[in-house]
Each structure stands twice: as structure tokens, then as C-alpha cells.
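[1] Build me a model from this:
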Amino acid sequence: MHRRGRVHSTACGAALLLLRGTGCAPADGALPLDAAEARQEVRNGTPATEDSAVVGVAAGGEVGCTGVLIRPRVVLTAAHCLAGHPDTVLVGRSAAEGVHVGVARAWPSPDYRAGAADHDIGLLLLREPLDVAPIPVRAQPLTDEDPGRSVRIVGFGREDPEERGDARRMQGTAVLGELDALTFSLTPAPSSACAGDSGGPVLGAGGGGEVLLGLISRGDEACAERASAVRVDAHLGGFIEPQLAAIEQRGVQAGEPCVEPGNCASGVCVSPEDAPSFPYCSRACGGPADCPASMRCERDASGTAQCRYAGPSPGAIGAPCDRDEACQFGMCARFDGEESPTCSALCFPEDPEPCPHGGVCSPAAGAARAHGCRYEAPAPPATAGGCAAGPSPPGAGARWSALVEVGALVLGLRALRRRAP
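    You can find the predicted model right below:
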């Protein structure tokens, strides 16, 4: 949510939430002598000393959002918090007392659209497991009997989004309000949420204790009237459970998708240069016979021979696709003369370099005024002994990392152009 009035700069680039009370400033407008004491007077949250599974989501050491542990290495948070590229989570009651644990991978819901709360949910995979009991997720759907029940909210938020200093984990109570298919509202009772609590848990009573009902997404400008939370139960089957299955899978063969080396039977999970967001399992090889039919034995810059895709990697420009989310640059398109769609990248012919990531900027079939980068097959590499002889050019990985950022910017331009009159 974009706040009215001045724009606050936050690590997550959206409405981030903090636990606070619904108190008001003095009627005469007089400022108190101690601003810190004033903030304490209007905040009805209390320190959350026992909520070890609630972590701060941080980028560059600065906590900007909140998350909740549902597996020893898996944290749920708001999808808009991933826009800040979080690299650690803060484990502990505060920045002064806690420790930071690295983030290995992050995934937003594929249905999330910036500015909307409907699918504002994402998942973080930590580099190491936490010695903390995860919070169970409520599996049963919320019903019309749930509105009006008391819930508990927890987060690392601040009343002022631009405030710096020691982030603290706080808790408070609210009432579950209007229930929609993907979200529900929260009414202060007496606590509400504001900058920094996005992604924090909404907890309710379950069979053997508290269970996770939702994640805080956004709230009103004054952080005093209401907040919105995304329903966890509505995203179990379509996002959370499939992602957990992908993380926890074992014995995956060469050529199949992976999240980390532990997924692969060979212990080798590679992120290809042409589609680094779509890693796949590989294995050591001595020649073509050691690899699946769709792959070849190729040496990397260090001279190690591994099975790699002979053509575009899955998700790369030119790879077969059936939806935008299956592509590195978020565009699945069909071009004239092609029977099936392939991954592309949005481009604009008038740009000096419309396809910096390769291909030719061409009209996409059936898409009014839309152009995409059409794949052009490179010349086949020279081979020696069944493996590609030349290593990848120096710096190729860095160039592709930069190109991913270009793709993200292009997608943003596409959205802006669609909204233009």
C-alpha cells in the first residue's frame, strides 16, 4: 500500500507494519519532552519474549519486515518484503540480543501482484536450520464463525518507518474482522500494526496451542484503524505445500529442477547462466553417454565436466513454456512461424539495445503491440572428447545476474505502459 502524504523509504518497498496502540496525540498539540516515552505511551504492544519462531527479515543488517518459522529452515513472510532482497533473518528478541542467519533462496507467490494483498505471501529458505520450534499452520479453512475472535499479532515493526536503531519483537491483540477468500481484516483490540510488521504472524487458538492463521500485509496510514492479513489456509495447496515439497525432495535425477544440492541424487544442483532462477540437477560426466539425451557433457571455467542442457536451459530465452512464471524474464510468448510458445523477454523496438540478453526484438503473435526477444540459436561450440572444449567466458555469470535485474525492470515498464492511457 502506498501511504498518502510523504513517501517513506523502506527495505520492503510497501506498507510494512508495526504493533502499536490506538492512543492519540495530546488534544492541545503540545509535544512531549521525551519522544521515546511518548511512543511508549501510545503503543499497546508488549515485548514478545517467548515468540522465538518469529524473526526479523533483514537486508544489509537492517530489519524491515517480519517472518515466521514453519520448518527449521523455512520462513513465511509477505511477498512485498522480498522486493528488498532480504539476505538474513534476525533470530532473537531484538537486534542487540539476536543473531543473523543467512537466506539461501526466496520465492514470492507466483500470483502476487504489487500493491495487492490477495497473494502477498512469500517463502524464505535459510542457509541453516534454526534450533527453534516452528509454528504449526492451520490446515482447516477459516469459516464464517471466525470473524470476531481474538487473535495475537507479533512483529518487529516501528511506529516511524524512518526510525533507526534496535528493532524489537513486540506482540499485541486484535480482532479478526471481515473474511474474504484470500485475506481477512484486523481491528485493533487494542493493538494494531504499522511499519515493519509486514509478514508477521496472526495467531489463533488451535487444538494444542496457537496456530498460524495469516500474515500481516498492510494497514491504514495512521496504523490505528485496521490492517489486512493474507490467509495462510488459502495458499497451502497452491503455493506453500508445493514449495515445501520442492525443498524437501530427494534423489532427483540430472535435468530435473532442484532447490539445493541435497535434492539431487548426485549432490550437484547448478544455476545456469542463461536462467539462474531455474536451477536443475546435474552430475559429473566423461562423455555424452553419461548424460540424458537432452543434455551434453560440458566443462565449466574450472575444467569440471558436468551435464548441461544442449539448448536453452529451462526458463531461458527460447525454452518451451506454458506460462509467464515458467520463464526467467517473466514472458512466455509465441512468435510467427512457431507452433508453441517459448520463453522471451519484453522489449521495445525503439530502444537502442532492445534485447541486451540476446535474441531479436520481434512482434509476439496475438499480443497487441507487444514485442519480445525471439531466440536465435548460437553457432555450435567446438568439442573435444565428448565435452565442450571452451569454458564459459570470464564474467558471464555476473553479466547474467545484471540481465536478470534488467528483466525485472522491463516487466515493471510493461505494467506501467499497460496503465498508460
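[2] The stretch 201-350 of the chain: helices as residue ranges?
    241-248 (DSSP state H, counting those that start in this stretch).
[3] Next, find the distance separating Ala377 from Gly359.
    10 Å (CB to CB, to the nearest Å). For every residue, glycine as well, the C-beta is placed using N, CA and C.
[4] which ones are touching Cys361?
    Cys347, Phe348, Pro349, Asp351, Pro354, Cys355, His371, Gly372, Cys373, Arg374 (CB atoms under 8 Å, 6 or more residues apart in numbering).
[5] quick one: which of these sit in strands?
    Cys347, His371, Gly372, Cys373, Arg374 (DSSP state E).
[6] Run through the residues that contact the residue nearest to the third one when sequence neighbours are not counted.
    This points to Gly372. The shortest distance from Gly372 to any residue other than its chain neighbours is 3.5 Å, reached at Ser344 (CB to CB, 6 or more residues apart in numbering). By CB under 8 Å, 6+ apart, Ser344 lies in contact with 317, 327, 329, 331-333, 335, 359, 364, 372-375.
[7] In the residues you listed, find the pair that's most separated.
    Comparing every pair within the contacts of Ser344 by CB to CB identifies Phe329 and Phe335 as the most remote, at 15.0 Å.
[8] So between these two, which is more surrounded?
    Phe329 (26 against 18; other CB atoms under 10 Å).
[9] hey, where'd the strands end up in the stretch 51-200 of the chain?
    Here the stretch 51-200 of the chain has its strands, by DSSP state E, counting those that start in this stretch, at 54-59, 62-71, 74-77, 88-91, 99-108, 122-126, 150-155, 170-179, 183-188.
[10] Serialize those to CSV and add fields for distance to Ala289.
    Supplementary listing: those in CSV, determined by distance: least, CB to CB, whole Å:
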stretch, distance to Ala289
strand 54-59, 46
strand 62-71, 39
strand 74-77, 38
strand 88-91, 44
strand 99-108, 33
strand 122-126, 34
strand 150-155, 55
strand 170-179, 58
strand 183-188, 53
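[11] So for Ile216, which of the ones you listed sits nearest?
    Going by CB to CB, the one of the strands of the stretch 51-200 of the chain nearest Ile216 is strand 150-155, 6.4 Å.
[12] Give me the below-cutoff pLDDT ranges for the stretch 1-150 of the chain.
    1-44 (pLDDT under 70).
[13] and with 50 instead?
    1-43 (pLDDT under 50).
[14] so where do the helices sit in it?
    Using DSSP H, counting those that start in this stretch, helices in the stretch 1-150 of the chain cover 35-42.
[15] For Ile153, list each beta-bridge partner.
    Gly172, Val202 (DSSP bridges).
[16] Touching, it and Gly200? I think so.
    Yes - under the criterion of CB atoms under 8 Å, Ile153 makes contact with Gly200 at 6.2 Å.
[17] if I look at these two, which residues touch both of them?
    Ala193, Ile216.
[18] Pick out whichever of these two has more residues nearby.
    Set Ile153 next to Gly200 and count neighbours by other CB under 10 Å: Gly200 wins out with 38 against 31.
[19] okay but that one is in contact with Val63, surely?
    No - between Gly200 and Val63 there is no contact under CB under 8 Å: 11.4 Å.
[20] what's near enough to touch Ala104?
    Ala104 neighbours (CB under 8 Å, 6+ apart): Leu125, Leu126, Arg127, Glu260.
[21] Mind checking which of those are buried?
    Leu125, Leu126, Glu260 (16 or more other CB atoms under 10 Å).
[22] The closest residue to the first one other than its chain neighbours: neighbour count?
    This means Leu125. The shortest distance from Leu125 to any residue other than its chain neighbours is 4.3 Å, reached at Arg105 (CB to CB, 6+ apart). Number of residues near Arg105 (other CB under 10 Å) recorded here: 15.
[23] With Glu256 instead?
    Neighbours around Glu256, by other CB under 10 Å: 15.
[24] pretty sure it contacts Tyr280?
    Yes - using CB under 8 Å, Glu256 is in contact with Tyr280, at 6.3 Å.
[25] And Ala377 and Gly359? Which one has more around it.
    The neighbour count for Ala377 versus Gly359, taken as other CB under 10 Å, is higher for Gly359 (19 against 8).
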